[in-house]
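S.K.: predicted model and sequence follow; I will ask about them next.
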Amino acid sequence: MVISLRDRIFKFPIHTFLFSLFPLMFFFQMNIHELFFEDVVFPLFLSILVTFVFWIILQRLIGSKRSGLIISLLIMCLINLGNISLFISEDPNESITSSLEQQVLVIVLLILSVLGIIYFIKTKTLDDKTSIANVISITMIGFLVFNISTFAIMTSDDESSLEFSMVPIQISDIENKPDIYFIILDEYAGSLQLENDFGYDNDEFRIELEKRKFSVVENSFSNYPNTSLSIPSIMNMIYFDFIPEHLGNDSKNINVVQKMINKNNVMKILKANNYKITTLDGAVGRTATTTLADDRLCTNIFDINPDIRKNFALVYIPIVGLRDFVFEEIIRDKLECSFEALTNFQNAENPNFVVAHLRFPHSPYIYDSVGNSVSVNDVGDKNAYLEQLKFSSKKAIKIIDKIQERSSNIVIILISDHGYRHYINWTDPVPEDYIRGFNNLVAVYLPNENEIEVNGPVNLFRSVFNSSLNMDYEILDNRQIWYSPERPFDHKDVTNIIKDYQKIFSNET
C-alpha cells in the first residue's frame, strides 16, 4: 500500500516538537510589545533540541509515536502545572507545594500523567492519536504565529518615530579624554524614600562618596519610574514626548523605546570621539547587548533574556529549589562576574566607556548586608531589600576605590534608574507613590575634582560631556513623567506634585 506524503507527515509525531515551542511562543505573544523576536530564537532552538534528545532516547525503547505522545503529555502537564499555579497562588514565587490547592493540583496532574503513560504504552495502534495531537499542536502554534504576525504588521510603521530621538554628535577637542565608568544600581532607592518607607538614614553612603570627591545630587528623581523608559531616556539624553504624539496614549509597543538602547545617542557620540565601549552583563536586559559595544563581558552564547528565563523557570520548574538554581544562581554569577570585571578592568589605549547595569539591589534578594548568600524570593520583603541595598552600597565603594586607584583621569557615574516600587499604587497614585517611583541615586566623580551640576538624569550625559569633553549640549528642563506599566505611553507630568511634596516634607522635618 502506498502511503502519501500527507499521511506520513500526520503520522509522524511533530506535535512533540510543536508543543515544546508553545510555552515560549505563548509568552512571547503575550509580551510581544516588550520583547524582540531575537530574544526567543535561541530559547526556541534549545527547547526543540532538548525535546529531540529525549525523543531519540525514548523512541529506541518504545517506538516513535508512543514516545512522542508520552513526551507531549508530560510537556503539557508541566505547562498546566506551572501556569495554573500562577493563577491560584497570590505569590508566584512560592513553592508549588506550599498550599492545599497546589498540592491537590500536583497530585491530579501526576495521576493524569501516570494514567496517560500507561494508556499510551498499552495501546497498540497510535496512528489516530498521533494525527489528532498533530492537528491540535499545529492549530495552537498557527494561532500564535497569526497573532505575532498581525502585531508585526500593525506596528511596522511605529519605528518611524525613532527619527525624533536623534541628538547631534559633537566632537571634543580634548586630547587626553577621560575614561568614563557608568554604573547603574537597579532599583536603588533615594534617601527620601529610604527615610519615608524604611526609616533608614543613608547618610553614611553619601558621606563615603563625598570623601571620594563625588558630587551627590540631593533628593534626585528619575525622569521615568521604570527601567523600560528611564534607561533609554538617560542613554539617549531625551524625553519621549514624541512617542505618545505619534503612537497614541494607548500604545503598548515599548519595543520602540527599547530599540533606542541598541543605537543610543551616548554611545554614538563616544564612538565618534574614539572611545572603546565595553558593556557588562549584570543580569539586566538591553544595555549589555547593544550592537555599539566593542566588548561584552560576563555574557555568553547561551544567555537568555531575563524575563524569558524567569517565565521559563516558573512554568517548567515549579519546585522552588530548582527554580532558585536556574534563576537566582545565574543572576549571582553575572553580578559576581561584573564586580570582578569592574574591579580589575584593563584600560585600553583608547579612552574607555564602561557600562555596567547591575540587577542590584533589585530582587531577587541574594545577599545580606555583608555579602553572605541568602535566598529571598518575596519582592515585597522590605528587610531583605534593605539588606541587599546596604551591601550594594559597600560593594559600590570598593569598586570605586579600585577604579580610582587605576587612574586619575576618569569620570565615574553612579546612578539608579528608579526607586523601590513594590508598594506603589500605579492606577491611583498619591504623592508618596511618586516618591517611590522616582526617588533615585545620582552621584558623579569628575577628574581634577571638577564640579558638576546634574539637572535630572536626562541631562546626566549632557552635563558630563559639557564638563569633561568641552561639548556644548543644551540642558533640558528636569521633569518627572508618570505612567503605569500597563500603559507605558499614557504620560502625566507630575513634576510640580513632587516639588510640592518636597516642600511639605521639608517643613515637617
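M.R.: On my side now, so go ahead. Residues are numbered from 1 along each chain as shown.
S.K.: what's around Ala152, how many residues?
M.R.: 11 (other C-beta atoms under 10 Å). C-beta coordinates here come from the backbone N, C-alpha and C atoms, glycine included.
S.K.: Asp333 now?
M.R.: Neighbourhood size, Asp333 [other C-beta under 10 Å]: 12.
S.K.: so how far is the biggest helix by length in the chain from its chain's centroid?
M.R.: As assigned by DSSP state H, the longest helix anywhere in the chain is helix 127-154. Centroid separation for helix 127-154 versus its chain: 29 Å, with C-alpha atoms, centre = their mean, to the nearest Å.
S.K.: any idea of the mean pLDDT in the following helix or strand past it?
M.R.: Downstream of helix 127-154, the first helix or strand assigned by DSSP states H and E is strand 179-185. Averaged over strand 179-185, pLDDT sits at 96.
S.K.: list the neighbouring strands of strand 179-185 plus their orientation.
M.R.: Sheet pairing here is set by DSSP bridges, and for strand 179-185 it gives strand 352-358 (parallel), strand 410-415 (parallel).
S.K.: and among the ones you listed, the most buried is which?
M.R.: strand 352-358 (a mean of 25; mean count of other C-beta atoms under 10 Å).
S.K.: nearest spatial neighbour of Ala348, chain-adjacent residues omitted?
M.R.: Distances taken as C-beta to C-beta, 6 or more residues apart in numbering put Lys276 closest to Ala348, at 4.9 Å, once the chain neighbours are dropped.
S.K.: got the buried residues for the longest helix of the chain?
M.R.: Across helix 127-154, burial judged by 16 or more other C-beta atoms under 10 Å covers 129-131, 133-134, 137, 140-141, 144, 147-148.
S.K.: name the surrounding residues that touch the helix or strand hosting Lys499.
M.R.: For Lys499, the host element (DSSP H and E) is helix 495-508. With contact meaning C-beta atoms under 8 Å, 6 or more residues apart in numbering, helix 495-508 is reached by 192, 196, 219, 221, 431-432, 434-435, 438, 478-480.
S.K.: what pLDDT, on average, does that helix get?
M.R.: pLDDT averaged over helix 495-508 gives 81.
S.K.: in that helix, what counts as buried?
M.R.: 495, 497-498, 501-502, 505.
S.K.: do the same with stretch 276-294
M.R.: By neighbour count on 16+ other C-beta under 10 Å, the buried set for stretch 276-294 is 276-290, 292-293.
S.K.: for stretch 335-344, same thing?
M.R.: Residues of stretch 335-344 classed as buried by neighbour count (16+ other C-beta under 10 Å): 335, 337-339, 341-342.
S.K.: compute the number of surrounding residues for Ile397.
M.R.: 16.
S.K.: then Tyr423?
M.R.: Around Tyr423 there are 11 other residues, counting by other C-beta under 10 Å.
S.K.: list the strands paired with the helix or strand hosting Tyr483, with their directions.
M.R.: Using DSSP H and E, Tyr483 maps to strand 481-484. Applying DSSP bridges, strand 481-484 is found paired with strand 487-493 (antiparallel).
S.K.: mind listing the strands for the protein?
M.R.: 179-185, 215-216, 276-282, 295-297, 352-358, 365-367, 373-376, 410-415, 442-445, 481-484, 487-493 (DSSP state E).
S.K.: counting by contacts, list what the shortest one packs against.
M.R.: Translated: strand 215-216. Taking 3 or more C-beta pairs under 8 Å, 6 or more residues apart in numbering; DSSP states H and E as contact, the helices and strands that strand 215-216 lies on are helix 203-211, strand 442-445.
S.K.: need the winner for burial among the ones you listed.
M.R.: Highest mean neighbour count of these: strand 442-445, a mean of 23 (counted as mean count of other C-beta under 10 Å).
S.K.: output the contacting helices and strands for that strand.
M.R.: strand 215-216, strand 410-415, helix 460-468.
S.K.: and the helices and strands packed on strand 215-216: which comes nearest Lys395?
M.R.: helix 203-211 (11.2 Å; C-beta to C-beta).
S.K.: now the closest one against strand 410-415, angle please.
M.R.: Angular relation of helix 203-211 and strand 410-415 on a 0 to 180 degree scale: 160 degrees, by axes from the mean of the first three to the mean of the last three C-alpha atoms, to 10 degrees.
S.K.: what's helix 203-211 packed up against?
M.R.: Packing partners of helix 203-211 (3+ C-beta pairs under 8 Å, 6+ apart): strand 215-216, helix 382-406.
S.K.: out of the ones you listed, which comes closest to Phe461?
M.R.: Closest to Phe461 of these, according to C-beta to C-beta: strand 215-216, at 14.7 Å.
S.K.: distance from that closest one to the middle of the chain?
M.R.: Put simply, strand 215-216 sits 27 Å off its chain's centre (C-alpha atoms, centre = their mean).
S.K.: parallel or antiparallel, which strands does that strand pair with?
M.R.: strand 442-445 (antiparallel).
S.K.: what's the strand it pairs with in contact with?
M.R.: In contact with strand 442-445 (C-beta under 8 Å, 6+ apart) are residues 209, 212-217, 220, 400, 404, 410-416, 452, 454, 457, 460, 463-464.
S.K.: okay, now the unreliable bits of the stretch 401-509 of the chain?
M.R.: 449, 505-509 (pLDDT under 70).
S.K.: can we see that at 80?
M.R.: 448-451, 503-509 (pLDDT under 80).
S.K.: what's the neighbour count on Ser222?
M.R.: 29.
S.K.: if we can go back for a sec, quick one: closest of the helices and strands packed on strand 215-216 to Pro178.
M.R.: Nearest to Pro178, of all those, is strand 442-445, at 10.1 Å by C-beta to C-beta.
S.K.: which one, of the helices and strands packed on strand 442-445, ends up nearest to Met237?
M.R.: Nearest of these to Met237, taken as C-beta to C-beta: helix 460-468 at 5.4 Å.
S.K.: just to revisit the earlier point, would you turn the helices and strands packed on helix 203-211 into TSV with distance to Ile57?
M.R.: Converted to TSV, the helices and strands packed on helix 203-211 look like this (distance: least, C-beta to C-beta, whole Å):
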stretch	distance to Ile57
strand 215-216	59
helix 382-406	42
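S.K.: one step back: quick check, nearest of the buried residues of stretch 335-344 to Ile14?
M.R.: Ranked by distance to Ile14 (C-beta to C-beta), the buried residues of stretch 335-344 are led by Cys337 at 39.7 Å.
S.K.: can you pull up the bridge partners for the closest residue to Ser407 other than its chain neighbours?
M.R.: Closest residue to Ser407 apart from its sequence neighbours, by C-beta to C-beta, 6+ apart: Asp179 at 6.2 Å. Residues in a beta bridge with Asp179, per DSSP bridges, are Ile410.
S.K.: and for stretch 56-67, what's in contact with it?
M.R.: With contact meaning C-beta under 8 Å, 6+ apart, stretch 56-67 is reached by 11-13, 16, 55, 68, 70-71, 120-121, 126-127, 129-130.
S.K.: are any of the residues you listed buried, and if so which?
M.R.: By 16+ other C-beta under 10 Å, those give 11, 13, 16, 55, 68, 70-71, 120, 126, 129-130 as buried.
S.K.: okay, the residues you listed in CSV with pLDDT and distance to Leu35 next?
M.R.: Shown next, in CSV, are the buried ones among the contacts of stretch 56-67 (pLDDT from 0 to 100; distance: C-beta to C-beta, whole Å):
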residue, pLDDT, distance to Leu35
Lys11, 69, 35
Pro13, 85, 29
Thr16, 89, 25
Trp55, 89, 28
Gly68, 86, 29
Ile70, 85, 31
Ile71, 84, 27
Phe120, 80, 35
Leu126, 78, 37
Lys129, 85, 34
Thr130, 85, 33
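S.K.: how about those residues in a markdown table, adding distance to Ser165?
M.R.: Shown next, in a markdown table, are the buried ones among the contacts of stretch 56-67 (distance: C-beta to C-beta, whole Å):
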| residue | distance to Ser165 |
| --- | --- |
| Lys11 | 53 |
| Pro13 | 48 |
| Thr16 | 45 |
| Trp55 | 47 |
| Gly68 | 49 |
| Ile70 | 51 |
| Ile71 | 46 |
| Phe120 | 55 |
| Leu126 | 56 |
| Lys129 | 54 |
| Thr130 | 51 |
